[in-house]
Each structure stands twice: as C-alpha cells, then as structure tokens.
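Trainee: 3D, please:
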Amino acid sequence: MGLTDMSGFKNLRTALFFVRDYKRHVFGILALSALYAVFEGLNIAVLFPIISSVVSPDAPAAGAEIGIVRFLNRLIGVIPVKDVFIAACIFVIVVVLLKNVFRYLYNVTSVYASYKIWSDVQQKLFVKYIKADYRLFLDRKHGEIVYRLYNAPAHAGGILKLVPQLLVEILKVIAIGAMLFSMSFQVTCGIMLIAGLFYFFTRGISKKISYSLGKGRMEADQEENILVSEMINGIKQIKVFSAEKRWVSSFFRAMGKYFRLAKKDTLWINMPMSILEIFAMVSLSVFLIYMRGVSPSGIASSLPIIGVFAYAFQRIMPSLSLVTTYRMQIMGSLPVLEVLKAALDEEVSRMKDGPLILGSFNEKIEFRGIGFSYPGREEVIKDMNMVFDKNKCTALVGPSGSGKTTIVNLLIRLFDPVKGGIFIDGVDLRDYQKASWLRRIGFVSQDTFIFHASVSDNISFGLDGVSAEEIISAAKTANAHDFISRLPNGYDTIVGEKGMKLSGGEQQRLAIARAILRKPEILIFDEATSALDNMSQSLIQNSINKIAENHTVILIAHRLSTIVNADKIVVLDKGVIKETGSHAGLIAGKGYYWRLYNNEKDYVQKAG
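Mentor: Numbering: from 1, shown residues only. Okay, here's the model as predicted:
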C-alpha cells in the first residue's frame with residue numbers, strides 16, 4: 001500500500017528527498033511504529049483467552065491448537081494469579097499500557113521530526129534566497145517567494161507528519177492480519193480480499209484525482225499570496241486609482257478556486273471510507289448468517305474466535321479508512337513537496353566574493369570600459385569610463401533611462417559589470433570581499449526602507465552595540481534631531497509600517513542618519529530629494545553639504561539645482577557619458593547639460 005503506484009518512483013523519491021538527512025528520526029519512527037502495531041495486534045488477540053475463560057471456565061483452554069493462542073496462554077501463565085480470567089485481564093492492561101507508551105513515543109518522535117524538517121527547509125530556503133543575487137528578486141513575484149518560504153514548508157510539515165501515521169496504520173493492518181491468519185486462514189483471506197479490493201479502488205482516485213486537486217489548490221494558494229503581497233506593497237496606488245474592486249475580485253476568485261477544490265478533495269477522501277464501511281458490514285453480516293445456517297450450535301462454541309474477529313474487524317476498519325485518507329491527503333499534497341524540492345534543488349546565482357579585505361582607499365574609484373545589460377534588454381551602460389575622486393562630490397545627471405541608478409547598483413554590488421571592471425586604487429572591486437567594501441558605503445535611496453520599530457532602531461539598522469549618543473549625533477548631522485525631539489516618545493517613538501507616521505522628508509533624514517551612523521567613507525544618494533517639498537529638500541541638501549566636506553559623495557540628481565556645488569557633474573544619456581565638468585564649466589559650454597538646466601528653470605518658472 002504505497003503512496004501511489006510510483007511510476008518511475010518519482011513521488012517516492014520526492015518524499016525521501018526530505019527525510020534523507022534524518023535517518024535517526026526515521027529509524028526511530030519505524031521501530032516505535034512497529035512496536036505499537038505489534039501491541040495493537042496483541043491487544044486484539046488477548047480477547048480470545050478472556051472470552052474463552054468466560055464461556056468455558058472449567059473446560060480446557062479453547063483454541064489450544066492455535067499458535068498465537070498458545071503463545072498468549074504461556075505469557076498469561078507467567079502472571080502469578082491462579083484465576084485465568086483475572087490473569088488475562090491483567091495481561092490486557094499491561095498490553096494496553098505498553099501499546100500506549102509506544103504510541104506516545106511514536107507521536108512525539110514523528111511530530112518532532114516533521115517540525116524539524118519543516119523548520120530546516122524554511123531555514124535553508126531563507127538563507128538561499130537572502131544570499132542570492134539581487135537579480136532573483138527582480139525576476140520573481142514576491143508573493144511566489146513568500147509562498148515558498150512560508151506556506152509551502154508549513155504544508156510540507158503537515159504532509160511529512162502524515163507519512164509516519166500512514167506507516168503506523170499499514171503496520172497495524174499487517175500486525176492484525178498476521179494475528180488473524182494464525183487463527184483462521186480462510187476468514188482472514190476474506191478480510192484481506194476486501195482490503196485488497198478497497199486498495200485498488202482508491203489507488204486510482206488518489207493518483208488521478210487527489211493529485212490534480214492538490215496541484216490546483218497549491219496554484220490557487222500561491223496566487224492568493226501574490227495578490228496579498230502586491231496589495232500591501234501597492235496599497236497607496238490601489239486606493240489612489242480606485243482599484244480596490246479589481247484586487248478584491250482577483251483575491252476572491254483565487255480564494256474561491258482554492259475552497260472549491262478543497263471541498264471536492266474532502267468529498268473524494270470521505271467517499272471511499274463510507275463505501276468500505278457499508279461493504280464490510282454487509283460482508284460480516286453475510287458471514288454470520290452463513291455460519292448460523294451451516295452450524296447453529298457451532299456459533300456458541302466458536303464464540304471466542306468470532307469475538308476476536310469481530311473486534312479485529314472493528315479495529316482494522318478505521319486503519320483501512322485512515323490508510324486511504326492519509327494516502328489521498330499525501331497525494332493531494334505532493335505538488336507542494338515537488339515545488340519545495342525544485343526550490344531547494346534550484347541553482348541560484350550568487351555574487352562571487354574576492355579574497356582581499358578592503359581597509360580604505362586612497363585615491364579613486366574608477367570605471368574602466370564598463371558595459372551592463374539586464375536580461376532581455378539592450379545595454380543600459382556602454383563602454384563607460386569614469387572616475388570618482390576621494391573626498392570629492394560627484395553628481396550623476398541625465399534623463400530617465402540614462403543609466404544613473406544602474407551605476408549606483410554596480411557600485412554597491414547589487415550587480416557586477418558584464419564588461420569591464422570597477423577598480424579601487426587600481427584593484428578590481430571583484431577581488432575584495434563584498435562585506436568589506438559595503439562597510440565603507442552609506443546608501444540613501446529614493447525609496448527609503450523604514451520598518452515598524454522605534455526611531456532609534458531605524459537609525460541603528462544593521463548595527464549592534466551603538467550608543468544613544470552616537471545615534472543622536474548622526475541625527476543632528478542629518479538635520480533630524482529637532483523633529484525627532486518633537487515626537488511623542490522622542491527616539492523611542494514607533495514610526496509605523498514603512499514609516500507611515502512620518503513625512504517623506506522625515507523618512508529621508510532618518511535614512512541619512514542611518515547612513516552617517518555607519519561612519520562610511522563613501523556616501524551615495526540615489527535621488528534622495530526628488531519627491532520632497534522645497535523645505536524638506538533644503539534641509540536634506542544642507543545635510544549633504546555638511547557631509548560632503550570630508551566624505552566621498554556620489555549624487556544622483558533629479559533636480560539639477562541641487563547639484564550646482566558638486567565638484568564634478570557627469571552628464572549621461574542612454575548609457576553613455578555626454579559631458580563631464582563643474583556646473584559653471586558645463587553652463588559655459590552651452591552643451592547638453594546647459595539645455596537640461598535651462599529646461600528645468602523654464603519649467604520651474606512656469607509652474608511658479
């Protein structure tokens with residue numbers, strides 16, 4: 001009674017994939033489930049001497065010719081009680097006690113193993129994804145990643161808890177069957193025939209129906225995760241564009257599909273159990289009627305064995321039903337295991353780490369012949385040569401799509417160049433350990449990451465052992481201390497999910513304080529003021545000007561008026577450098593930058 005007919009043993013391999021590293025737990029479960037099944041069989045067989053001693057207390061032990069009965073009589077004879085009935089009752093108590101001890105130990109072991117596998121799978125996937133290249137998160141839907149990290153391992157834990165339960169029920173059927181065979185070969189063959197017919201009937205259901213329903217449920221569940229993730233990330237836009245109906249409709253559709261399939265699965269799982277119960281009761285009734293017709297007096301003399309078989313039948317029926325139920329549930333959940341196995345087997349690219357540790361740099365960061373393209377797109381940076389001098393402020397300007405943010409992504413090593421290289425004082429950046437390079441960088445992006453925690457926790461994000469004085473000093477440099485002091489609980493104020501309790505300018509100043517607290521040599525501002533009002537922009541610009549005095553600063557500017565004091569301005573268009581120089585020099589040259597700057601001035605004047 002396997003999980004399926006195992007065409008090519010594909011499903012068996014999928015299940016074994018998750019338990020191959022847990023041999024100790026598997027062997028423990030096997031041993032305890034076997035002992036539990038054996039004592040379940042003894043628990044049934046011991047009824048024979050009990051009933052026999054009640055029916056014929058003075059007669060010789062009935063069924064002495066039956067091997068299992070002789071074995072039980074010898075065990076009962078060990079108990080120092082003359083009354084056979086009392087001794088048999090004591091023996092039953094001992095057997096039931098041991099059976100439940102082994103059942104408890106089996107349950108503890110199997111539950112621990114399933115949760116251990118669950119947590120280990122989650123940990124492996126979490127580490128795998130968080131260490132994967134940034135490109136992975138651009139190519140995948142976030143809801144799909146969340147499903148694989150959270151929902152799928154939880155389902156897998158439930159499935160793997162069912163496998164030992166299925167094993168126990170199979171062993172119980174085998175143990176009870178073996179005990180019954182020793183009592184009556186013919187009758188037991190009849191019971192096994194019923195079990196065999198039932199197995200072949202349900203095999204097709206579990207293979208074709210349960211698996212396909214389970215796959216549909218998994219896809220619907222994953223779709224729900226994707227919709228929830230997109231709803232949370234885009235809630236502002238959803239509300240602004242009155243798109244709630246669309247999201248509600250999509251979510252209800254996915255949820256409806258899931259529950260529709262779950263309902264069908266439940267109906268299919270319960271149908272075989274009902275059929276088995278009806279068929280078994282009909283067969284038992286026909287057998288008893290036949291026995292009475294053949295030998296009316298024989299029923300009384302055969303009462304002990306009939307009682308044993310009736311009790312065994314009553315015990316084996318739930319086991320047969322559970323074997324079917326667990327088997328169909330496992331088959332319905334196999335698509336989840338397959339997805340998890342594929343996720344664990346999947347090769348995800350990781351950025352290679354160099355052997356060198358960067359302590360500092362003395363002169364410059366240099367782009368030499370850099371070329372870069374995203375998958376499926378033409379080059380966004382083409383044969384670029386550029387220098388960022390130490391303790392100078394360099395601004396990158398240009399229209400959308402000119403490659404500004406890609407340059408920053410290359411600097412912070414979210415990507416490596418496809419062509420050329422970035423050199424730190426003549427050494428290729430790829431030769432350094434990534435962590436040692438990133439420790440030198442403070443990064444402030446347009447989309448600030450503010451999480452649901454206190455102001456202090458947000459500023460000290462990613463750092464341990466930071467003092468309150470250091471946090472306050474960084475906040476003052478970022479022009480954030482004054483507004484933080486006015487908050488209800490100052491630096492202990494909880495700012496809400498994504499910093500929703502703060503304005504855009506306040507969020508940016510927290511992000512600048514966070515970058516400053518790391519004491520970096522290089523500060524990168526990726527359009528940090530583009531979405532702010534004039535007052536917030538002015539405050540942040542003052543912060544940047546203070547920082548630029550003793551740091552290497554790289555600015556991506558949306559508003560050209562914010563970079564007029566930069567030491568060098570690099571003007572980009574479609575992945576190539578159009579011009580380089582100071583603000584005054586570029587304006588005097590009346591080239592590409594001059595046109596961009598005047599267009600912005602005209603726009604501001606008209607808007608005013």
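Trainee: quick one, helices of the stretch 151-300 of the chain?
Mentor: Secondary structure of the stretch 151-300 of the chain (DSSP state H, counting those that start in this stretch): helices at 152-183, 185-204, 211-233, 235-240, 244-294, 296-301.
Trainee: Report the angle between the third one and helix 152-183.
Mentor: On the basis of axes from the mean of the first three to the mean of the last three C-alpha atoms, to 10 degrees, helix 211-233 is oriented at 160 degrees to helix 152-183.
Trainee: Worst mean pLDDT among the helices of the stretch 151-300 of the chain?
Mentor: Here the helices of the stretch 151-300 of the chain differ in mean pLDDT, and the lowest is helix 296-301 at a mean of 51.
Trainee: pLDDT weak spots in the stretch 401-550 of the chain?
Mentor: Residues of the stretch 401-550 of the chain that meet the criterion pLDDT under 70 lie in 498, 528-549.
Trainee: mind running it again at 80?
Mentor: 446-449, 462, 496-501, 504-505, 527-550 (pLDDT under 80).
Trainee: quick one: the helices in it?
Mentor: Along the stretch 401-550 of the chain, the stretches classed as helices by DSSP H, counting those that start in this stretch are 404-411, 434-438, 455-459, 468-477, 481-485, 504-517, 534-547.
Trainee: right, so those helices: which one is the most enclosed?
Mentor: Burial of the helices of the stretch 401-550 of the chain is given as mean neighbour count (mean count of other C-beta atoms under 10 Å); helix 504-517 ranks first at a mean of 25. C-betas here are computed from N, CA, C, even on glycine.
Trainee: Now do that helix and helix 468-477, the angle between them.
Mentor: Inter-element angle recorded for helix 504-517 and helix 468-477: 130 degrees (by the same axes, to 10 degrees).
Trainee: so what does helix 504-517 touch, helix or strand wise?
Mentor: Here helix 504-517 touches strand 441-445, helix 455-459, helix 468-477, helix 534-547, going by 3 or more C-beta pairs under 8 Å, 6 or more residues apart in numbering; DSSP states H and E.
Trainee: Just the C-alphas of that helix, formatted as PDB.
Mentor: The C-alpha coordinates for helix 504-517 follow below in PDB (Å, rounded to 0.1, in the frame of the first residue of the first chain):
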ATOM      1  CA  GLY A 504       8.700  61.900   3.200                       C
ATOM      2  CA  GLY A 505      11.300  64.400   4.300                       C
ATOM      3  CA  GLU A 506      11.500  63.000   7.800                       C
ATOM      4  CA  GLN A 507      11.900  59.500   6.500                       C
ATOM      5  CA  GLN A 508      14.800  60.600   4.300                       C
ATOM      6  CA  ARG A 509      16.500  62.400   7.100                       C
ATOM      7  CA  LEU A 510      16.300  59.100   9.200                       C
ATOM      8  CA  ALA A 511      17.800  57.300   6.200                       C
ATOM      9  CA  ILE A 512      20.600  59.800   6.100                       C
ATOM     10  CA  ALA A 513      21.200  59.500   9.800                       C
ATOM     11  CA  ARG A 514      21.300  55.700   9.300                       C
ATOM     12  CA  ALA A 515      24.000  56.100   6.600                       C
ATOM     13  CA  ILE A 516      26.100  58.500   8.700                       C
ATOM     14  CA  LEU A 517      26.000  56.300  11.700                       C
END
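Trainee: For the closest residue to residue 411 other than its chain neighbours, give me its contacts.
Mentor: Of all residues not flanking residue 411 in the chain, residue 524 sits nearest, at 6.5 Å (C-beta to C-beta, 6 or more residues apart in numbering). Applying C-beta atoms under 8 Å, 6 or more residues apart in numbering to residue 524 gives the contacts 408, 411-412, 441-444, 553-554, 556.
Trainee: in stretch 99-118, what counts as buried?
Mentor: Of the residues in stretch 99-118, 99, 102-103, 105-107, 109-110, 113-114, 117-118 count as buried by neighbour count, 16 or more other C-beta atoms under 10 Å.
Trainee: Revised request: answer the last question for stretch 161-178.
Mentor: Across stretch 161-178, burial judged by 16+ other C-beta under 10 Å covers 161-177.
Trainee: can I get the CA coordinates of stretch 339-352 in PDB?
Mentor: What follows is stretch 339-352, C-alpha atoms only, in PDB (Å, rounded to 0.1, in the frame of the first residue of the first chain):
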ATOM      1  CA  VAL A 339       7.700  22.700  -5.600                       C
ATOM      2  CA  LEU A 340       9.800  22.700  -2.500                       C
ATOM      3  CA  LYS A 341      12.200  20.100  -3.900                       C
ATOM      4  CA  ALA A 342      12.500  22.200  -7.000                       C
ATOM      5  CA  ALA A 343      13.200  25.300  -4.900                       C
ATOM      6  CA  LEU A 344      15.800  23.500  -2.800                       C
ATOM      7  CA  ASP A 345      17.400  21.900  -5.900                       C
ATOM      8  CA  GLU A 346      17.400  25.200  -7.900                       C
ATOM      9  CA  GLU A 347      20.700  26.700  -8.600                       C
ATOM     10  CA  VAL A 348      20.500  30.400  -7.800                       C
ATOM     11  CA  SER A 349      23.400  32.600  -8.800                       C
ATOM     12  CA  ARG A 350      25.400  34.200  -6.000                       C
ATOM     13  CA  MET A 351      27.900  37.000  -6.400                       C
ATOM     14  CA  LYS A 352      31.400  35.700  -6.000                       C
END
